[in-house]
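Q: Starting from these lines, generate the structure:
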Amino acid sequence: MRKLLVTLSLLLSLGMGAQTIKLDKYPCIPDEMNYAFCDYVLPFASGIATSKYGQYFGQITPSKDMYGFGQYQQNDDVTITGQFRMNSFFFGIKMGSHIVRVGSSDHFISYDLTNGEPISITKNGDVIAVSDEARKVYRFQSLTYASGDRYVGETVNGKRDGYGIYMYKNGDFYYGTYRNNERYGAGALFLTDNHIRIQRF
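A: Here you go, the predicted structure:
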């Protein structure tokens, strides 16, 4: 009986520990809202727009606004991949040379690109430290596969989980969310012929 109680106590403590690891990394956008966004931007053409700040490849409205899925390569070597609305970054991956941020402009997680570890979570101006326990689980990694394809994005326990970019050997790339190594929800496939296909999984 005593062994059973000790075992149950250990299992409960492990379960409670696993719950504390769940991070409020960025806004949780319900699938219905993501799908509504996809439906709205579906008719927008894809194209390239250049400004003094950099180059945008993505969806553009008939009135020439950046709106939908896109990638913005800034002149300061920062690349933003994700969703845009009325010429502004809305949600996605903002990657610099040493730090990457995943989320929205005011609620995001920052990772150190030198080791892939999470640094902190910023939410409405507050900066929250990430626990040592969570650092062992969450990462932002670059994974290369035998096919020559590469994944750059969030992982949980070494599996693709969260937001990421899957780069095909032929130059196409997919931006979207993953769960347990599989694509999940809505995303966009960026093709080398400058077309974008919105996809759902």
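Q: I'd like to know how far T79 sits from E32.
A: Distance of T79 to E32, given as C-beta to C-beta, to the nearest Å: 29 Å. For every residue, glycine as well, the C-beta is placed using N, CA and C.
Q: ugh, wrong one, H107
A: For H107, the distance to E32 - C-beta to C-beta - is 20 Å.
Q: so N34 touches A186, yeah?
A: Yes: the criterion here is C-beta atoms under 8 Å, and N34 meets it with A186 at 4.5 Å.
Q: More neighbours: which of the two?
A: More crowded of N34 and A186, by other C-beta atoms under 10 Å: A186, with 22 against 18.
Q: Neighbours of the closest residue in space to F140 that isn't next to it in sequence, how many?
A: Take F140 and drop its neighbours on the chain: the residue closest to it by C-beta to C-beta, 6 or more residues apart in numbering is Y111, 3.7 Å away. Y111 has 26 neighbouring residues, counting by other C-beta under 10 Å.
Q: before we move on, what about K25?
A: 21.
Q: ditto for N87
A: Look at N87: counted by other C-beta under 10 Å, it has 14 neighbours.
Q: Please point out which parts of stretch 143-158 sit buried.
A: 149, 151-156 (16 or more other C-beta atoms under 10 Å).
Q: Find the nearest non-adjacent residue to the residue nearest in space to the middle of the chain, please.
A: The centroid of the chain falls nearest to Y163 when counting by C-alpha atoms, centre = their mean (2.4 Å). Spatial nearest neighbour of Y163, excluding adjacent residues (C-beta to C-beta, 6+ apart): V102 at 5.2 Å.
Q: Need the pLDDT of E154.
A: For E154, the pLDDT comes out at 98.
Q: so it is in which element?
A: E154 is part of strand 150-156, with elements assigned from DSSP states H and E.
Q: Show me how far that strand is from its chain's centre.
A: Strand 150-156 sits 9 Å away from the centroid of its parent chain (C-alpha atoms, centre = their mean, to the nearest Å).
Q: who touches it?
A: Around strand 150-156, the neighbours that count as contacts under C-beta atoms under 8 Å, 6 or more residues apart in numbering are 93, 102, 116, 137-145, 160-167, 178.
Q: So in that sheet, which strands flank that strand, and in what orientation?
A: When pairing is defined by DSSP bridges, strand 150-156 lines up against strand 138-144 (antiparallel), strand 159-167 (antiparallel).
Q: Flag the shaky bits of this protein, pLDDT-wise.
A: 1-21 (pLDDT under 70).
Q: just the helices in the chain please.
A: Ranges of helices in the chain, per DSSP state H, are 2-21, 31-41, 132-137.
Q: I119 is in contact with V127, correct?
A: No: between V127 and I119 there is no contact under C-beta under 8 Å: 9.3 Å.
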